[in-house]
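Visitor: When you get a sec, could you give me coordinates for this:
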Amino acid sequence: MTAQDAIEASSPPSAATRPIERRTETAEAVELSDAGAPGLSPARSLAIATPRVSVVIPGLNEADSLRELASRVTKSLEGKVSYELFFIDDGSTDNTWEVITALHAGDARIKGVRLRKNFGKAMALSAGFQRAKGEIILTLDADLQDDPADIPAFIARIEEGEDVVVGWKVERLDPTNRLILSRIFNGTVRLATGVKLHDMNCGFKGYRREVLRTIPVYGDLFRFIPAFAAWQGFRVCEVPVKHHARKYGSSRYGLERILRGFFDLLSVMFLTRYSRKPMHLFGLIGLFLAGVGFATEGYLTVLWFLGHKIGDRPLLLLGALEIILGIQFFSMGFIGEFLTYQNQKSLDAADLPIRDETH
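Guide: Modelled structure (predicted):
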């Protein structure tokens, strides 16, 4: 492998190389001239090219629910606002993709993206966010437990000035064990992040486009976008939503997801508190370890002056190890500060957290 090959292999994937098999878009929906698409009025062409609202719905093996869900989303938005609806097939093994293509054939506003295999909800959402053209972007689950009739409430709050709107399932129709775990999780998240939401994990959310341009979505951190948004200074609120029992299929909620959520919460706490000041974390840990190490060695030095033998004491090695670890943590803090400084130098004006400006 040449040096150039190594560089290309290590570079992050571009939009063209992401794991997307195909998408359902017709030429009239993508290639619009200034005069509009053939056979469409100028208003219809503009509605297709620049919808006000984009609805992104990821799903895995949800073929049975998609037709009803599309119908209910259309009923909620038809005649009220220009919109587009994206179904993201996250590697389904049933006929989900066939249903999506059939829906697209009947309504060009309904579009689909199919991933090569099951990459997870974050990748599916990223594929939808990247293609969404609306200034307001909504997400909901494909299992019919979220009610599209609540979509106008999300849009209204964003148009009132909110940046992120999170659904709050006031009356959840879930098994008791899941309700208990959810309350424990949400209480822990509120305490750890300081964002006072009843249901951070709710998949029914609304975003101003700028929020999703600012915050990267990866891993399982998509559920914590409101916490990242609040950290970036965006306005976050919640609205009560109706919740329905699952109509088709079965829930994929299990112990593994709880454990992943715990580790993700630790990541969120680190990123929101220390990503701009890593020395405050690593330096504090390093100072503590080095301080304990020097105190230990100082104690042994006093004993040595008093005539005690210290060469065979475990404390001697422990103190040296604590000092070395303290120096290493300090070094990690310095490296983190250097990387943060370099990142700040590369920021352009569009990346600055500016809400309003006088001209």
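Visitor: Just confirm residue 260 contacts residue 220, I think it does.
Guide: Yes: between residue 260 and residue 220 there is a contact at 5.4 Å, judged by Cβ atoms under 8 Å. C-beta here means a position set from N, CA and C on the backbone, and glycine is covered the same way.
Visitor: For residue 326, list the residues it contacts.
Guide: 285-291, 293 (Cβ atoms under 8 Å, 6 or more residues apart in numbering).
Visitor: what about it, which SS state?
Guide: Taking DSSP: H, G, I helix; E, B strand; the rest coil as the rule, one finds residue 326 in the helix state.
Visitor: Can you give me the pLDDT of it?
Guide: pLDDT recorded at residue 326 is 96.
Visitor: same thing with the one 5 residues further on?
Guide: In this prediction, residue 331 carries a pLDDT score of 95.
Visitor: where's it, which helix or strand?
Guide: Secondary structure assignment for residue 331, by DSSP states H and E: helix 314-346.
Visitor: Strands along the stretch 201-350 of the chain, start to end?
Guide: Per DSSP state E, counting those that start in this stretch, the stretch 201-350 of the chain carries strands over the ranges 205-208, 236-241.
Visitor: Nearest to residue 110 among those strands would be which one?
Guide: strand 205-208 (19.2 Å; Cβ to Cβ).
Visitor: Tell me which other helices or strands that closest one touches.
Guide: strand 136-139, helix 151-159, strand 164-169, helix 225-231 (3 or more Cβ pairs under 8 Å, 6 or more residues apart in numbering; DSSP states H and E).
Visitor: Please dump the ones you listed into CSV; it should also carry distance to residue 346 and mean pLDDT for every row.
Guide: CSV is the format used below for these (distance: least, Cβ to Cβ, whole Å; pLDDT from 0 to 100):
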stretch, distance to residue 346, mean pLDDT
strand 136-139, 26, 97
helix 151-159, 30, 97
strand 164-169, 26, 95
helix 225-231, 20, 93
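Visitor: Tell me which of the ones you listed sits nearest to residue 196.
Guide: The nearest among the helices and strands packed on strand 205-208, by Cβ to Cβ, is helix 225-231 at 9.5 Å.
Visitor: Identify the residues contacting the closest residue to residue 174 other than its chain neighbours.
Guide: Distances taken as Cβ to Cβ, 6 or more residues apart in numbering put residue 182 closest to residue 174, at 7.4 Å, once the chain neighbours are dropped. By Cβ under 8 Å, 6+ apart, residue 182 lies in contact with 172, 174, 199, 201.
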